[in-house]
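K.L.:
predicted structure and sequence below. I'll ask about it afterward.
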Amino acid sequence: MASTPKVAVLVGSLRQESYNRRMALALQALALGTLDLQLIEIGALPLYNQDLDPAPPAPWTAFRDAVKACDALLFVTPEYNRSVPGVLKNALDIGSRPYGHSVWGGKPGAVISVSPGAIGGFGANHHLRQSLVFLDVPTLAQPEAYVGGAATLFDDQGRIANESTRGFMQKFLDAFAAWVAVHRKPV
């Protein structure tokens, strides 16, 4: 398992110019050589309905297969009403079913929340962590990443503009890479 760990990145915002999508893309560049961050799109997933599990929709199967093929999970999410966006919760539900066939279990994970507000999506970050405990995702505890002031985070090329924030995010990625190295299981 000496290869670069493949990390499924799930962005909880569907907006094309979302701050969270920008953060995920900026992190891809920062992680080069250490982690292979791969964005897995969740916006086109039909809503979870257990009645469909015997013959799941093609987008569910493709999503489940994409997550299964990864070594680790990185969630980058905004906060909606002090919780995670519905699209992200739907992805969690789809990946956890059918019962006994979850794609999440045992994969090391981490959470970043990005928000224009001062508390940086704290509520969403912690709500998501509650679900990840149940889904058996060993989640990086430190450093915690609640990134506020999102409107001024990025330069024109999509890089993290603030040197201090960029340094913190590099520290976060380094800690996550070490977490993955300890908790990674063969795919």
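P.N.:
Now that the structure is in, tell me what you want to look at.
K.L.:
in this structure, spot the helix with the most residues.
P.N.:
helix 163-183 (DSSP state H).
K.L.:
so which residue is dead centre in this protein?
P.N.:
Phe75 (1.5 Å; CA atoms, centre = their mean).
K.L.:
give the contact list for that residue.
P.N.:
Counting by CB atoms under 8 Å, 6 or more residues apart in numbering, Phe75 touches Val9, Leu10, Gly12, Leu88, Gly109, Ala110, Val111, Ile112, Leu128, Leu132. Using the backbone N, CA and C atoms, a C-beta is placed for each residue, glycine as well.
K.L.:
show the pLDDT at the residue lying closest to Ile160 once chain neighbours are set aside.
P.N.:
Leaving aside its sequence neighbours, Ile160 sits nearest to Arg166 (CB to CB, 6 or more residues apart in numbering; 4.1 Å). According to the prediction, Arg166 has pLDDT 95.
K.L.:
can you check Met1 too?
P.N.:
51.
K.L.:
can you report how many residues neighbour the residue nearest to Ile160?
P.N.:
By other CB atoms under 10 Å, 15 other residues sit near Arg166.
K.L.:
which ones are touching it?
P.N.:
Leu30, Arg159, Ile160.
K.L.:
adding secondary structure, neighbour count and distance to Tyr146, write those out as TSV.
P.N.:
Listed next are these as TSV, based on DSSP: H, G, I helix; E, B strand; the rest coil; neighbours: other CB atoms under 10 Å; distance: CB to CB, whole Å:
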residue	secondary structure	neighbour count	distance to Tyr146
Leu30	helix	18	18
Arg159	coil	14	20
Ile160	strand	22	15
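K.L.:
ok, those vs Val103, which is closest?
P.N.:
Ranked by distance to Val103 (CB to CB), those are led by Leu30 at 25.7 Å.
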